[in-house]
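# Could you work out the structure for the sequence below:
(2 chains)
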Amino acid sequence: MSVPYNQRTHSCGELRAEHVGQTVVLAGWVNNYRDHGDNLVFIDLRDREGLTQLRFNVDTDPEATKRARTLRNEYCIAVRGEVLHRGDQVSKKFHTGEMPTGEIEVSVHEIDVLSQSETPPFEISDFVDTNEDLRLKYRFLDLRRPKVARAFRIRAQAARLIREYFAEQGFLEIETPFLTKSTPEGARDYLVPSRVQPGSFYALPQSPQLFKQLFMIAGFDRYAQLVRCFRDEDLRGNRQPEFTQLDLEMAFVKADDVMGIVEGCLARVWSEILGYEIKLPLPRMTYADAMSRFGCDAPDTRFGLELQDVTESLKAITADEFGVFANALAAGGIIKAICVKKSEGAEKLTRKITDGLTEAIKGIGGGGLATTKVQGTADAPEFATGIGARIQPYCAAICKATGAEPGDQLFFAPGKPADVAKYLSFARIRLAHELGLIPAGHFEALWVVDFPLLDWDEEEKRYVSPHHPFTMPLEEDIPLLATDPLKVRSQAYDLVMNGEEMAGGSIRIHRGDVQRRVFELLGISEAEAHAKFEHLLNALRFGAPPHGGIAFGFDRWTMRLVGTDSIRDVIAFPKTQRAVCPLTDAPSEVAIAQLNELGIDLSAELKAKRKAAEESSSMNVGDHIHKHGQ
RNA sequence: GGGGCCGUAGCUCAAUUGGUUAGAGUACCGGACUGUCGAUCCGGUGGUUGCGGGUUCGACUCCCGUCGGCCUCGCCA
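Numbering: from 1, shown residues only, chains lettered A, B, ... in the order given. Sure thing, here's the model as predicted:
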């Protein structure tokens, strides 16, 4: 009689003292085995829910014990046995909470080997870190590791909570097309050639933006969808070419309504999964404040080190004194500073740390980072080290402007406001890490609002949309569209947590006159607007309700819930930085016949490369046969 | 496209200034062992130092190129 693996009674994470005496059927993988010779064998059996210790005793179950001795790691087995209390042998890990089943063990009477395993290419263990490339190539093994699997249980739980929340709030989940139309603005599209219309291409959606606005015009009122999005841009630690958004849109709402819904969702998810209570309503900060105080539109508000303007204090500096500052001011630039207080650990800033910071700033395109320490007395502060000697005459003014006192250290960046913001916001975060100013296990969320409606693109000499061209200006700023477009603020809002954008959205334009004016400013002609966005513009003519929405990066939410900085840890089969899937080797070449059917030809360069690759591989095959022939 | 870090046994890593036969832990194989729990103990197998070229009496080490991975700037409305 064999063990009925299709009638498991429990998972491997489930058995407790209360089950003692029961006969159970478990199935899973051999996590490790401890063979004690003549009498006893222990196996830790693993499934996705946990580990259970199996005990084989040769005196009571000689046949099962004999089989147990043939087991190796990762064999897939099913067992039937009796739950025993471990008595005074309760696992230490039961007491630490690492092994909730550690109070019991299963004395196995019957075992079936369902499937043997080759020696895995790396150990399936939370104790061994293997290089990620190999892990991704054998992701199905990597996913067996409890720590790795945990991320996907959390992801699934978060998805369920979010769906429940939006269903309760009256949202409909409706699917939108993946094969859709390429949009000219924004990220690069992934293209899909059409066989039926050779020479034409679908695009995979960067987001369902246009469709969800059409839902509002259709009267669906509240729409929310967990949806895959695609962007063909360079990858990052938190960016994959395909990722998941919770995309939502609401009609008859103002910005406050959308923000209220989303922050309610955030608080619910954080509370249910982490037991962490986020206080609502979330604070709000204007974009202008965020840029001025933090140099960044996604400020990390868990620590201070805010940016301080010292342009006024240094406005009289001459090129002889310090050319870098004088030249920046002469060119119309500004100078800002970060003051690291003595109480924040300024004395920990060794030369090694400040030099490392300077090098890192150079690495992102800056000229370095000027720094000096404040010494002397509160009444008569003096600068020491670094650039101190060069800016000594301005010491009193700078200390007054920044609140710097003896024992503090100052870091300066001169130049165009955007550059100053970039380098000092970078320095701010790095300093906070170096000084341990970021509290662990803490979440600081806020809304950033009042973004500019338009940016000026210096290279292309035109206005561009920081959000998208359907974003509604603030009502009170609409007159400025005619007079001072860069001053116009938009009804856009970003949810920021711990210095990372977690969601972004806006109230949309539903008035034709405003939309035309915005297109005009963006240099999009009437004809062009119709070619690109005809379906939306058409729809806006048929009684479009006021509407707005938001999308949040579900992968990023999951990253924060799991506590990882890599998006690859929350995607089952992620791609490497070159957008390759190590498991499937996608993307791959396809047969020429397949391309012909689509009316696609490869460039001469690609064809030559392909031919060369084919020749060298056929030579290798020849070598291989030759070798075996010998 | 730019900057940085990395590539040595199946896996994680070491190898002094360029110097003898490239080591350790783990995994794997064999043996021992009555309560282990990342078991322990004894023994063993295992290497094109990513790849190609150069310098040198001699290269894991230095130089050039190339492939791959990670971080990052640009990019990502």
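
# Helices along the stretch 301-450 of chain A, start to end?
With helices called from DSSP state H, counting those that start in this stretch, the stretch 301-450 of chain A shows them at A:319-330, A:351-363, A:388-391, A:395-402, A:417-434.

# Adding mean pLDDT, mean neighbour count and distance to A:G50 as columns, could you present those helices in a markdown table?
C-beta: built from backbone N, CA, C; applies to glycine. Converted to a markdown table, the helices of the stretch 301-450 of chain A look like this (pLDDT from 0 to 100; neighbours: other CB atoms under 10 Å; distance: least, CB to CB, whole Å):
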| stretch | mean pLDDT | mean neighbour count | distance to A:G50 |
| --- | --- | --- | --- |
| helix A:319-330 | 91 | 16 | 60 |
| helix A:351-363 | 84 | 14 | 42 |
| helix A:388-391 | 88 | 18 | 59 |
| helix A:395-402 | 93 | 19 | 54 |
| helix A:417-434 | 92 | 20 | 35 |
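
# tell me the contacts of A:A397?
A:A397 makes contact with A:310, A:312-314, according to CB atoms under 8 Å, 6 or more residues apart in numbering.

# rerun that using 6 Å as the cut-off
For A:A397, the contact set (CB atoms under 6 Å, 6 or more residues apart in numbering) comprises A:S313.

# And the strands in the stretch 351-500 of chain A?
Counting by DSSP state E, counting those that start in this stretch, the stretch 351-500 of chain A has strands at residues A:370-376, A:381-384, A:409-415, A:445-449, A:455-457, A:462-464, A:492-497, A:500-507.

# For A:S115, name its beta-bridge partners.
A:C76 (DSSP bridges).

# neighbours of it, just the number please.
For A:S115, the count of nearby residues is 10 (other CB atoms under 10 Å).

# My read is that it contacts A:C76, right?
Yes: the pair A:S115 / A:C76 is scored as a contact, 4.1 Å apart, by CB atoms under 6 Å.

# With distance to A:V580 as added columns, please give the helices of the stretch 301-450 of chain A in CSV.
As requested, those are arranged in CSV below (distance: least, CB to CB, whole Å):
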stretch, distance to A:V580
helix A:319-330, 43
helix A:351-363, 26
helix A:388-391, 50
helix A:395-402, 48
helix A:417-434, 29
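
# Switch these over to a markdown table; also include distance to RNA strand B.
Conversion of the helices of the stretch 301-450 of chain A to a markdown table gives the following (distance: least, CB to the nearest atom of the strand, whole Å):
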| stretch | distance to RNA strand B |
| --- | --- |
| helix A:319-330 | 19 |
| helix A:351-363 | 4 |
| helix A:388-391 | 27 |
| helix A:395-402 | 25 |
| helix A:417-434 | 6 |
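
# got the residues of the stretch 51-200 of chain A near RNA strand B?
Listed as neighbours of RNA strand B in the stretch 51-200 of chain A under the rule CB under 7 Å from any atom of the strand: A:53, A:55, A:57, A:72-73, A:86, A:89-93, A:99, A:102, A:105, A:119, A:121-123, A:125, A:127-134, A:183, A:185-187.
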